[in-house]
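A.B. asks: all I have is the shape, not the residue letters:
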């Protein structure tokens, strides 16, 4: 009977350890989900800041051109177009980086959740094995006792 009781205690320990590891993986998944939100907020801020910087540059260029008596045509327009093109490129870089980070974090989150599920399955299997081992040990002890008394 000691073998069976030992198997039950061992099974409980295996289950508790597996559950603790599964919860840790779920917390990792939650952390990566939060990080995705932070990254998206940061990317939105960077895009907005880039557009604001473009507006300032264009305003400064118009003001500098007006001081020199230049009309908003010709080279001044070319400079404005070039600045707008550069800002658009910066925004695309920000968007592309944010999408890549979001994709990586989504993968990490899913992997952590899958590890949590695997930990729980392994805990159940380990616990069943410990109980089965304890029952087998108890049956063997009982069988040996019966065989010895005959």
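C.D. replies: Sure thing, it's come through. No experiment lies behind these values; they were computed from the predicted model shown.
A.B. asks: for the rest of this, base every contact and every neighbour count on C-alpha atoms.
C.D. replies: Noted.
A.B. asks: centre-most residue in the protein?
C.D. replies: Taking Cα atoms, centre = their mean, the centroid of the chain lies closest to residue 32, which sits 2.9 Å from it.
A.B. asks: next one: that one from residue 128, what distance?
C.D. replies: When distance is defined by Cα to Cα, to the nearest Å, residue 32 is 33 Å away from residue 128.
A.B. asks: now residue 56
C.D. replies: 69 Å.
A.B. asks: looking only at neighbour counts, state which of these two leads.
C.D. replies: residue 128 (19 against 12; other Cα atoms under 10 Å).
A.B. asks: contacts only, for the more buried one.
C.D. replies: Residues near residue 128 by Cα atoms under 8 Å, 6 or more residues apart in numbering: residue 11.
A.B. asks: over to residue 8?
C.D. replies: Taking Cα under 8 Å, 6+ apart as the test, what residue 8 contacts is 127, 130, 131, 134.
A.B. asks: apply 7 Å and report the result again.
C.D. replies: The neighbours of residue 8, taking Cα atoms under 7 Å, 6 or more residues apart in numbering as the test, are 130, 131.
A.B. asks: can you check residue 42 too?
C.D. replies: Residue 42 neighbours (Cα under 7 Å, 6+ apart): none.
A.B. asks: may I ask which helix or strand encompasses it?
C.D. replies: helix 2-67 (DSSP states H and E).
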